Structures are given as C-alpha cells and as structure tokens.
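> Structure, please.
(2 chains)
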2 protein chains.
Amino acid sequence: MATIRDVAKVAGVSVATVSRVLNENGYVHEDTRKRVETAMEELNYSPNEVARSLYKKKSKLIGLLLPDITNPFFPQLARGVEDEIQKEGFRLLFGNSDEQPEKELDYIHTFVQNNVVGIISATNDRSDTNYKDLSIPVVFLDQTSKDYPSVYGDGREGGRTAAKEMVKRGSKRITILKGPAHIQPAQDRFQGALEYLSESNVDFYVMGTTSFAFEEAKKWAKELFETYPDTDGVLASNDIVATAVLHEALRLGKSIPKEVQIIGFDDIPQSSLLFPSLSTMRQPAYEMGKEAACLLIKLMRKEYVEQNHVEMPVTFIERETTREVEVNE
Amino acid sequence: MATIRDVAKVAGVSVATVSRVLNENGYVHEDTRKRVETAMEELNYSPNEVARSLYKKKSKLIGLLLPDITNPFFPQLARGVEDEIQKEGFRLLFGNSDEQPEKELDYIHTFVQNNVVGIISATNDRSDTNYKDLSIPVVFLDQTSKDYPSVYGDGREGGRTAAKEMVKRGSKRITILKGPAHIQPAQDRFQGALEYLSESNVDFYVMGTTSFAFEEAKKWAKELFETYPDTDGVLASNDIVATAVLHEALRLGKSIPKEVQIIGFDDIPQSSLLFPSLSTMRQPAYEMGKEAACLLIKLMRKEYVEQNHVEMPVTFIERETTREVEVNE
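Sure thing, here's the model as predicted:
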C-alpha cells in the first residue's frame, strides 16, 4: 500500500506539503495541489482515516442511537439517515438503547471516544441529561425537544386527521387507544384525536394502554370489544396495536370496515400486507431520517439553519379498514 | 475531562508508565499498575479510542454490511450481531450495499480506513473478490462460502422439511415458487423442496420468480392461480412472496388452509401478524447474527475455532395456513 512518503516522492514535494493538501490547511499552490492529487490517484493512495481523524480531531463517523432496530418503524428511519450521510462521505456508528438510560449513556460515551462528529438520537429519554456535556451537534429524531434540534412527525395534527377521517366515514361510537404515557409522540397523537372528537357530535371512549408490543395489544383488543361491544371505530396508537384490533375484530366475526373501522399510525411496511390492508396515518420515516441527517450535517458544518425544529406532515393512507366517504354528507 | 497527565500525577508515576498500563505492553510492577488503575477510576479517565486505535493499529469497531436493513429479515440479524459484539465492548459500523458491487467495495474500503478489526458481510456477491486483499477476519452471514468462515441457515433441509410438512398435511397438487436464481439461499431451499417432491407421490409445478419484492410477487400469485387453478399447496420462496399468495387466494375466495395450504420461508416478524397467520420455515435470524459475531470475535482473537462453517437449523412453524396433520396417515 502506498504511503504519504511515496506520494511526496512521485509529486516531487515534501511530506508536509502532501499533508497540507490532505488536511486542507495552510497555503498550497494550485499547480502543486494538482500534482499531489495526481500522484495520489496514480498510487491509489488512501489516507488512514483514523490517523487523519486524530490529527484533525475529526472523523467521518456519525453516531445513530435507536430504541430498537427490530421495531418495524426504525429500519426505514435508519435507512434514510444512512442514504443521506453516505452521499456526503460519512459513515454510521450504530446502537440500540432498548430505552435503557445506562445503555444510552454507554453508547454516547463510546461514540465520543470514537470521535464521532455528530449524533442522531431517536431514544425516548425526556431528560436530555445524557447529551448536555457534548461538544458535538446532536439532532433528535422522532422526538420533540425544546433544547435540541429535532425532526419529528406532526403527531397532534395526525391524531386530529385520523379522528376527522373516521367521523367523516360515519363512525358514531369511537374508541381511542391512548398509547404509552412516557412516549411523547404517542401522547401528541392522542391529544389531537381527543381534541377533534371533543368538538364532534359522536360518542367516544378512551382506553389506556402501556406499550406497543403485539402480545400485550392482543389483550387490550379483547378487553376493548368486551367493554365496549358496540364500538364502530378504533383509533389505534400505532399500526402494531391496530393490527391486534383488526385480528380480534375478525375473530369476533365483525365485518371490516362495515361494522368497525380501524385507523393505525406510522404506516410500517407490514400494514399494506395485512388482509384487509390497514388504513393508517403515514409518518414519513425514511424522509424523517434523511431530514435529520441533513440538519446534522448543516450543524456540523456550521452552515445557516433556518429551522431547528422540523415538523414533518403526517398523511392519511386510505386502505381497506375504512369505508368510502359517504357522498351525501 | 482528565488527561493521561492527570492520571500520571495522581498515581505518582510517569506518563510513559500510564501508557504502558493502558496498552498492556512493557513491564509494569503489579502495585504500580493498581495505583494507575485506581487513579484512572478516581478521575473517570477514558482514553481516546482513536488515539489508542492508531497506536495499537487496532480499534473497537466491527463493520457490518447488509443488502438492505429495510428488508424485514435483516433487522433481527443486525440486532443479533450488535447484542453479541456490544457485550465484548465492540461497536458497529454499518452500511447497506443494495447488492451493488461498487457500493459494497466502497463500504469495505471505508471500513478499512476506519481500522475496523473485522467485517461481517450478508451481501450476495458470489465472487468474493472484494474481500480477498483484506488482512482482517471476515465472516459471511446468511451466505455459504467455500473460502470464508460463514454462518447460514440450512436451506436445503428447510426446503425438504417444508415440502414434507405440506405433503403430510394432504396437499396433492403442489406449486413451488423457485426464488431468484442469483440468491444461493433461495436456490438451496428450492433444491430441497424439489428433492422431496420428486421422491413423493404428488403432482407438482415449478414456477420461476425473479425477486422477493411484494409488488412483483403479487403478479406471480395471480399468474399462479390462473395457470394452475387447482393447486392445493404453495411452497413460497420467502414470507413476502407467501404473503402475496395468501392475499391472492383470499381474493379468489379460496378457503385457507382447507383448499390451499401455504408455507413461507424466514419467519419475519410480520408473518405471525397476518390473518390467517402464516405457517413458515423459521430461519433463526437473531441467533445467526449472534453466531456470526461470536465466530468473528474468536477469529480476531486468534482463538481456536472448531467449525468455520456454521449451519443453523431451520424449523417448521405451524400456524394457520396449514392444516392439522391427518391422524390416520
């Protein structure tokens, strides 16, 4: 493998000059720069990134912290981040926090030890304390944050729209599944739905739920139809919970969407594969990942940032668990 | 933040001594080592990993290359790798190749530039050329390889078992969906199914397919029931394709599993969420990821490795798209 000395020799310059070209610091004449770059190309020279990162106190690494990549919402998010940073020559250091503060802290710590130049965090820690002492930019993803730049779906408007679409399609006795209290995005969508239904002329029932896990959701789905057997519309806290409700309704022999309409939240890939396929509120996960990466790169480069808090639109995806709009209304 | 100088001062030793303790080279008296370690703990000193990796020509980074994290088989795989390496203090550098050789090469290149100590690759490149010149251990995951250590599901036996379970449950006119020709694991499972059906007393029909994408699979599903309307069992090349077949069968008003049985391959998380839920051959994705990580770590540490090629068992998961075994048989 070619060394910096080989490059200097072929270009007919000193090692210090090659180093100045590499690190883009100090004055180098344009012709000299070209000679050095040609020599690098000829020799297929690639600088050791670790040595460079130590010298410049900078790397090409970005840390991404997710709650859990096996939750079907997150692969799209991660892919959006990766596609965007890859274009700019950055690479992804990646970890799952499992929503455990110690694990999160441990990852932040080792991200810093590896000289990452920025961090994107999609964990649900509301305290933000883990991020206070960092000297590198941090962007929160799928999270609102007063103190940090952040990119998130407009949950409140999404919740309102879900409720509105369901009422528009004729449901009169609607159930809202509230979603875990410690997850802010879940509460935002709940509030939005609550607001809309409170202003509407329909009955509604709110059921508290504590997680997004499918096995638990099955129990709530059962309880829902036992407690409130004549409900004719369910606003679920996410698509996993909506899927459990759909299964239970089908098991009870209910006709979907004729007797019960169901609207989920997220539009994870499997929602279109269900039968009947799930109507839901789409969060643009891939685009959110890309947006967070763009914002982080701007912050790292100290470029002008117009909007530190990017709220992405959440849109209604009409599939087979909702009826067509009644034309006469 | 504490520096190496602070540690030396508190421990009452020279910087060189602290360095010897850190890097585990050169003689250090046991008492001195303890004093240095206590000082590090007191000061909460953490060495800069980049500086250390440069010095030792080693990092704590492992590169993971996947075809595409948004394919629902891979998040489990990635999670298995991460959980295992995280226990040992390693961190994951992560990229998606999209099965493009240039992108794969580019990632391998930057992994090396960042001094990764090992690479796990789950891409489908059969040439292996990209990996030839590397001086670090490489483990192939979800791939068989003659030249490299690898971890993979036993596709042939999986294909045989799928065929056997379907015949055992009474299907007489079975369709095998062959799967993409360039993906070896797909061909292994096809061969296994073919072997078993060839030895059996049932009719069967083989249909060529060229991808695992859901939109394309929908077309094949349509074609399948048009070409071979009385098929009463479908062995799909993976769960995505099986899902498309299930939808089409339901649309045609076929009773599942009474009129048509369906068996998928992989057991991706969504398969249990379908209605009816999908019977399938489970590949232990999470365990395969863990196994690949274990193997890589052993190779990196030059520990004894009994088995360079780890074939993981693939098991039948009985759900609702297959009938119960007929007792009289």
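
> Get me the contact residues on the stretch 151-300 of chain A for chain B.
A:Phe214, A:Ile240, A:Thr243, A:Leu246, A:His247, A:Leu250, A:Pro269, A:Gln270, A:Ser272, A:Leu273, A:Leu274, A:Phe275 (Cβ under 8 Å from any Cβ of the partner chain). Bear in mind the C-beta positions are built from the backbone N, C-alpha and C, glycine included.

> so what's the last one up against?
Counting by Cβ atoms under 8 Å, 6 or more residues apart in numbering or on different chains, A:Phe275 makes contact with B:Leu246, B:His247, B:Leu250, B:Leu274, B:Phe275.

> Make JSON lines out of those and add secondary structure and pLDDT.
Below are these laid out as JSON lines (DSSP: H, G, I helix; E, B strand; the rest coil; pLDDT from 0 to 100):
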{"residue": "B:Leu246", "secondary structure": "helix", "pLDDT": "96"}
{"residue": "B:His247", "secondary structure": "helix", "pLDDT": "92"}
{"residue": "B:Leu250", "secondary structure": "helix", "pLDDT": "92"}
{"residue": "B:Leu274", "secondary structure": "coil", "pLDDT": "89"}
{"residue": "B:Phe275", "secondary structure": "coil", "pLDDT": "85"}
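
> Out of the residues you listed, give me the two with the largest separation.
B:His247 and B:Phe275 (11.0 Å; Cβ to Cβ).

> hang on, the earlier thing: can you flag the buried ones in the contacts of A:Phe275?
Buried members of the contacts of A:Phe275, counted by 16 or more other Cβ atoms under 10 Å in any protein chain shown: B:Leu246, B:His247, B:Leu250, B:Leu274, B:Phe275.

> of the residues of the stretch 151-300 of chain A next to chain B, closest to chain B?
Using Cβ to the nearest Cβ, A:Gln270 is the member of these that lies nearest chain B, at 3.8 Å.

> Find the nearest non-adjacent residue to the closest one, please.
Spatial nearest neighbour of A:Gln270, excluding adjacent residues (Cβ to Cβ, 6 or more residues apart in numbering or on different chains): B:Gln270 at 3.8 Å.

> wait, isn't that neighbour in contact with A:Pro72?
Yes. In this structure, B:Gln270 is within contact of A:Pro72 by Cβ atoms under 8 Å, at 7.4 Å.

> Identify the contacts common to the two.
Common contacts of B:Gln270 and A:Pro72, defined by Cβ under 8 Å, 6+ apart, comprise A:Pro269, A:Gln270, B:Pro72.

> any idea which of these has the most stuff around it?
Highest neighbour count within the shared contacts of B:Gln270 and A:Pro72: B:Pro72, with 23 neighbours (other Cβ atoms under 10 Å in any protein chain shown).

> And A:His182, how far from A:Pro67?
In this view, A:His182 and A:Pro67 are 12 Å apart by Cβ to Cβ, to the nearest Å.

> who has more neighbours, these two?
Taking other Cβ under 10 Å, A:His182 and A:Pro67 do not tie; A:Pro67 has more neighbours (21 against 12).

> can you pull the contacts of the more buried one?
Counting by Cβ under 8 Å, 6+ apart, A:Pro67 has contacts A:Phe74, A:Asn96, A:Ser97, A:Asp98, A:Glu99, A:Ala122, A:Thr123, A:Asn124.

> Look up how far A:Asp142 lies from the fifth one.
To tie it back to what came earlier, the one meant is A:Glu99. Taking Cβ to Cβ, one finds A:Glu99 at 13 Å from A:Asp142.

> Likewise for A:Ile120?
10 Å.

> try A:Ala122
5 Å.

> quick one: low-confidence ranges for the stretch 101-250 of chain A?
Scanning the stretch 101-250 of chain A with the threshold set as pLDDT under 70 gives A:125-129.

> Point me to the residue of it nearest chain B.
Closest point on the stretch 101-250 of chain A to chain B, by Cβ to the nearest Cβ, is A:Gln113, at 3.9 Å.

> Could you double-check that that residue sits in contact with B:Tyr45?
No. Using Cβ under 8 Å, A:Gln113 makes no contact with B:Tyr45, being 11.6 Å away.

> hang on, the earlier thing: out of A:Glu99 and A:Asp142, which sits in the more crowded spot?
A:Asp142 (27 against 14).

> what sits against that one?
A:Phe73, A:Leu77, A:Ala122, A:Val151, A:Tyr152, A:Gly153, A:Pro185, A:Gln283, A:Met288.

> of those residues, closest to A:Lys302?
Once Cβ to Cβ is applied, the member of these that ends up nearest A:Lys302 is A:Val151, at 18.9 Å.

> can you map out the strands along chain A?
A:61-66, A:91-96, A:118-121, A:138-141, A:150-153, A:173-177, A:203-207, A:233-235, A:261-266, A:279-282, A:309-312, A:315-317 (DSSP state E).

> and among these, the most buried is which?
Across the strands of chain A, averaging neighbours per residue (mean count of other Cβ atoms under 10 Å in any protein chain shown) puts strand A:233-235 on top, at a mean of 30.

> and that one, which strands flank it?
Partners of strand A:233-235 in the sheet, by DSSP bridges, are strand A:173-177 (parallel), strand A:261-266 (parallel).
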